[in-house]
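Novice: requesting a structural model of the entry that follows:
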Amino acid sequence: MSTFYDILCIAPNASEQEIRKAYRMQVMIYHPDKNTSPEAIARFLLITQAYETLIDKNKRFLYDHNLGEFAFGQYYMPSYEEWMEQRKKKQQEDDELARLSFLEQQKSFQEKPYYNYRILYLYFKQVLGYSISLLLFLAAAYIITITHLIVFFVLLPFFSGAIILAYISYTWFQEKKRLFK
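Specialist: Next up, the predicted model:
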């Protein structure tokens, strides 16, 4: 049976960049979405297993020194559906870890002494953004009413700026508000 290095068509002393490049090239050829032949799925899973083993330094060390399951050349080959399910589970676990990390950061932030001042600053900044955008809008409208309608086209950037500033204030507030829940 060929080695993982042969599967990826690389040398045993290949760097991480060379492994990634070889993996991408092989996947472009054997990915089940691009290659419909029956052996493509098996080859794709073998390429993925070789990549996951060689890109991880610990697994690569074990593989290179013939330890563990690699000593006898026995490779567990999950089906494509099992592999996709494993990837989904791993992604869900990563998402849950990221969520827990965010909640931990949020809790530590809320325990800081300046937390209450930051809440006031958050609301002040939003009110200031709305006020400036309203002032720009009203000033441009007033100038149009005392002059000619043609001036509208000259003041159109001010109208646009007022609307954009109001929108940015709203989105910024919604984004930052989640830290203060």
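
Novice: helix or strand: which one has the residue most central in space within the chain?
Specialist: In the chain, the centroid-proximal residue (C-alpha atoms, centre = their mean) is Asp95; its distance is 10.6 Å. Following DSSP states H and E, one finds Asp95 within helix 80-110.

Novice: burial count for Gln106?
Specialist: When neighbours are counted by other C-beta atoms under 10 Å, Gln106 registers 14. Placement of C-beta: from N, CA and C, glycine included.

Novice: chain center to stretch 11-18, what's the gap?
Specialist: When distances are taken as C-alpha atoms, centre = their mean, to the nearest Å, stretch 11-18 is centred 27 Å away from the chain's centroid.

Novice: let me know the pLDDT of Met77.
Specialist: Met77 is assigned 68 on the pLDDT scale.

Novice: now Ala14: how far from Leu46?
Specialist: Distance, Ala14 to Leu46, by C-beta to C-beta, to the nearest Å: 17 Å.

Novice: picking that back up, elements contacting the helix or strand following the helix holding Asp95?
Specialist: For helix 80-110, the following helix or strand on the C-terminal side (DSSP H and E) is helix 115-146. Secondary-structure packing of helix 115-146 (3 or more C-beta pairs under 8 Å, 6 or more residues apart in numbering; DSSP states H and E): helix 151-177.
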